[in-house]
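Asker: got a structure for you, letters missing:
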Ligand code: ADP
């Protein structure tokens, strides 16, 4: 089983408007509300691929209940810890020909007691899982090195942890003594992490991924949007090439890529196949309108068009 963690989930609201008028009333009749947050996208994609997954993290208030009901109605297993505060809303206003204005609530503040109760749940779920995904930002009240804490809680187990976060929480987890099994930064996140220029023609990737910050992390996949990915696995480097596809909405493709890594690792596939799973699911998400959604029937065809080259 795969356990997918979302520490700061949200109910994502999208308001499509032909034009956004500032300082006036905007009326909208096509509101969409979905269970959001990077980890929930990962969960949904794994579930759509008919692999076993359970979603956990922190939920509170009526929006927390909305997310639980939403997951249950899709037949997705979940076991979130309750918090006193209210799970947040994140609003995306889609306007003026593909422009997107976002309003992201910071979300609730988490207490130490709430965190320890979550950790109990997490450890129980992890005991029957072979892969864990830790995705997204951390809520208020949770220190930036919290992912290192979760990694250390799993240090005596064989579970493979895929960490998909950015900035300080990623850096602190990479600096900690217990390392994640895999990370999946995109090139912007990689650049921010290292404070180094990543050349647009990707010639300096092998040097960059040999940085001491990545020591002890077996699998580093740098996703490159339509250009596929560059990967370091153990001491080898790989270039992953993908076909050109009809893109509808690439938001959430990174999360879908993480879902692919998790499935491939959980099925104990070869590294080439793990990378192909990841890229295929990234592409399948980009081909749908809905974020964190894939069409399983197109999987085999796309999978066979992904090429992995060992450098
Ligand atoms: P993130 O969402 O984290 O920024 P990427 O944009 O790199 O991640 O997307 C992850 C993966 O999804 C890519 O490596 C690729 O497989 C697929 N993907 C994303 N955007 C496109 C695109 N425009 N065309 C084809 N594949 C894409």
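Answerer: Alright, I've got the coordinates. Every value quoted in this text rests on a predicted model; they were computed, and no experiment measured them.
Asker: for the ligand, what is the nearest residue in the stretch 51-200 of the chain?
Answerer: residue 186 (3.7 Å; C-beta to the nearest ligand atom). In short, each C-beta sits where N, CA and C put it, glycine included.
Asker: contact partners for residue 187?
Answerer: By C-beta atoms under 8 Å, 6 or more residues apart in numbering, the contact list for residue 187 reads 198, 222-224.
Asker: out of these, the closest to the ligand would be?
Answerer: Nearest member of those to the ligand, counting by C-beta to the nearest ligand atom, is residue 223, at 3.2 Å.
Asker: list the contacts of the closest one.
Answerer: 184-187, 229, 253-254, 257, 282.
Asker: now, which of these lie within strands?
Answerer: residue 229 (DSSP state E).
Asker: can you say which of the contacts of residue 223 are buried?
Answerer: Neighbour counting by 16 or more other C-beta atoms under 10 Å classes 184-187, 229, 253-254, 257, 282 among these as buried.
Asker: can these go into TSV with extra columns for pLDDT?
Answerer: TSV is the format used below for the buried ones among the contacts of residue 223 (pLDDT from 0 to 100):
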residue	pLDDT
184	97
185	96
186	92
187	88
229	96
253	96
254	97
257	98
282	98
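Asker: quick revisit: got JSON lines for the contacts of residue 223, with distance to residue 52 too?
Answerer: Shown next, in JSON lines, are those (distance: C-beta to C-beta, whole Å):
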{"residue": "184", "distance to residue 52": "21"}
{"residue": "185", "distance to residue 52": "27"}
{"residue": "186", "distance to residue 52": "28"}
{"residue": "187", "distance to residue 52": "32"}
{"residue": "229", "distance to residue 52": "25"}
{"residue": "253", "distance to residue 52": "23"}
{"residue": "254", "distance to residue 52": "22"}
{"residue": "257", "distance to residue 52": "19"}
{"residue": "282", "distance to residue 52": "21"}
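Asker: how about the nearest residue to residue 184, chain neighbours excluded?
Answerer: The spatial neighbour of residue 184 that comes closest, neighbours along the chain excluded (C-beta to C-beta, 6 or more residues apart in numbering), is residue 221 at 4.8 Å.
Asker: ok, now how distant is that neighbour from residue 27?
Answerer: 43 Å (C-beta to C-beta, to the nearest Å).
Asker: looking at these two, which has the bigger crowd around it?
Answerer: residue 221 (29 against 6; other C-beta atoms under 10 Å).
Asker: give me the neighbour count for residue 177.
Answerer: Residue 177, neighbours per other C-beta under 10 Å, totals 9.
Asker: for it, give me its contacts.
Answerer: Residue 177 sits in contact with residue 152, where contact means C-beta under 8 Å, 6+ apart.
Asker: tell me the secondary structure at it.
Answerer: coil (DSSP: H, G, I helix; E, B strand; the rest coil).
Asker: find me the pLDDT at it, would you?
Answerer: Residue-level confidence at residue 177 comes out at 94, pLDDT.
Asker: can you check residue 200 too?
Answerer: Residue 200 is assigned 69 on the pLDDT scale.
Asker: just give the nearest non-adjacent residue to the one residue sitting closest to the centre of the chain, would you?
Answerer: Central residue of the chain (C-alpha atoms, centre = their mean): residue 255, 3.5 Å from the mean position. Counting by C-beta to C-beta, 6+ apart, residue 255 lies nearest to residue 41, which is 3.7 Å off, once chain neighbours are set aside.
Asker: phi, psi for the one you found please.
Answerer: Main-chain dihedrals, residue 41, degrees, to the nearest 10: phi -60, psi -40.
Asker: same check, this time on residue 303
Answerer: phi -50, psi -40.
Asker: residue 278 is in contact with that one, correct?
Answerer: No: the pair residue 303 and residue 278 does not pass the contact test of C-beta atoms under 8 Å, sitting 10.6 Å apart.
Asker: more neighbours, the two?
Answerer: With neighbours defined as other C-beta under 10 Å, residue 303 and residue 278 compare such that residue 278 has more, 31 against 17.
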